[in-house]
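Engineer: this one's structure only:
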């Protein structure tokens, strides 16, 4: 079947048929759902500009350095007419999140990062989907998975995969928010899908649950206060005011999603690649802090955690140990790492020891 015709009516029929096939192929590749959006993001662009002007992006300079390419798909990929937006669930079968958060001796890792790097998983599947489309009709395209200036939530909202929740993430009545998003920019003029209505109503559970008050208003997150930003994106020392609030969260934070009523409908992921590796769903902080840099590099290879590096990984764990109950093994682990630590890590270890009144007399913060 081809979709390039001199007869507009026949071409539209073929495009409609192709769009339906694309959604079937996407599900066969493990995506929960696929829908198609147009490329007018004018409303989202103004919101992004205001967010950037307020400095809410913190050190994430990549949020503005590409200019309007983020909000204008055809500027990023010339010829783009539509965006195929897909959703893949990631919540793994693991030790319950609330149980880990309630035990300050354990390390909490955001559930999306317990398994293999989602960028690689989704990108491979999207490439297969794009190739399958190309077998029917040649098309210009690029695939994206959180790896370029793409407004993935705005596009998924426009495509009707869900609506933007008050925590700024995409929400679905059927799937909650525990899923990854990916996109194919294509030059095919496929029929677009309608958006869906928002269903947050008067609920503000996510706003109330944020440990650091990062959701400063409905639909507006100040990244500079967000634990995910602080533990993943921030390359410097984590501000003192936030350290006690981080608790035992060493990579990311799921609190705003855990309390969301719509996540009662989110099922477990069937994707084996997202299953926990190296016991990260229930690991003890002390055990992780004993990892050498070689341990980190070997065990986190292929994980999204790999990109923050050993120093920031250790920095985050040091804060969590400062928030943990003082036990001899906690103090010993901190003191063992202090001598050879970088200036950044040493400052966080000293802070942790200070929380337990266990700072060596010759080591001042």
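Structural biologist: That came through fine. Note that the coordinates shown come from a computational prediction; the quantities given were computed from them, not determined experimentally.

Engineer: surely residue 112 touches residue 90?
Structural biologist: Yes: using Cβ atoms under 8 Å, residue 112 is in contact with residue 90, at 5.0 Å. From N, CA and C alone the C-beta is placed, and that goes for glycine too.

Engineer: what sits in contact with each of the two?
Structural biologist: Residues within reach of residue 112 and of residue 90 at once, by Cβ atoms under 8 Å, 6 or more residues apart in numbering, are 118, 178, 180, 274.

Engineer: could you find the closest non-adjacent residue to the second one?
Structural biologist: I take that to be residue 178. Ranked by Cβ to Cβ, 6 or more residues apart in numbering and with sequence neighbours excluded, the top spatial neighbour of residue 178 is residue 91, at 4.0 Å.

Engineer: do the same with the last one
Structural biologist: Spatial nearest neighbour of residue 274, chain neighbours left out: residue 115 (4.0 Å); criterion: Cβ to Cβ, 6+ apart.

Engineer: would you check that the one you found makes contact with residue 93?
Structural biologist: No: look at residue 115 against residue 93 with Cβ under 8 Å: they stay out of range, at 10.7 Å.

Engineer: of these two, give the one with the bigger neighbour count.
Structural biologist: residue 115 (24 against 11; other Cβ atoms under 10 Å).

Engineer: tell me the SS of the more buried one?
Structural biologist: coil (DSSP: H, G, I helix; E, B strand; the rest coil).

Engineer: what's the pLDDT at it?
Structural biologist: Reported pLDDT at residue 115 in the predicted model: 96.

Engineer: quick revisit: among the shared contacts of residue 112 and residue 90, which are in strands?
Structural biologist: The subset of the shared contacts of residue 112 and residue 90 located in strands under the criterion DSSP state E comprises residue 180.

Engineer: looking at the shared contacts of residue 112 and residue 90, which has the most residues close by?
Structural biologist: Neighbour counts for those (other Cβ under 10 Å) peak at residue 274, which has 25 neighbours.

Engineer: what's it in contact with, if anything?
Structural biologist: Residue 274 is in contact with 90, 92, 112, 114, 115, 116, 118, 121, counting by Cβ under 8 Å, 6+ apart.

Engineer: before we move on, the earlier item: correct me, but the residue nearest to residue 178 touches residue 265?
Structural biologist: No: contact criterion Cβ under 8 Å: residue 91 and residue 265 do not qualify, at 11.4 Å.

Engineer: higher neighbour count, the two?
Structural biologist: Set residue 91 next to residue 265 and count neighbours by other Cβ under 10 Å: residue 91 wins out with 22 against 11.

Engineer: could you verify that the more buried one is part of a helix?
Structural biologist: No: using three-state DSSP, the assignment for residue 91 is coil, not a helix.

Engineer: where does it land on pLDDT?
Structural biologist: Residue-level confidence at residue 91 comes out at 95, pLDDT.

Engineer: ok, residue 12 next?
Structural biologist: Note on residue 12: pLDDT of 79.

Engineer: residues near the residue nearest to it when sequence neighbours are not counted, how many?
Structural biologist: Of all residues beyond its chain neighbours, the one nearest residue 12 is residue 191 (7.6 Å), with distances taken as Cβ to Cβ, 6+ apart. As a burial measure, residue 191 scores 12 neighbours (other Cβ under 10 Å).

Engineer: what do you get for residue 51?
Structural biologist: 18.

Engineer: in a strand, it, correct?
Structural biologist: No: counting by three-state DSSP, residue 51 falls outside a strand, being helix.

Engineer: can you tell me how far it sits from residue 207?
Structural biologist: The gap separating residue 51 from residue 207 is 17 Å, by Cβ to Cβ, to the nearest Å.

Engineer: quick one, phi/psi of residue 250?
Structural biologist: Residue 250 adopts backbone torsions of phi -100, psi -10, taken as degrees, to the nearest 10.

Engineer: overlap in contacts of residue 115 and residue 93?
Structural biologist: The contact sets of residue 115 and residue 93 overlap at residue 275 (Cβ under 8 Å, 6+ apart).
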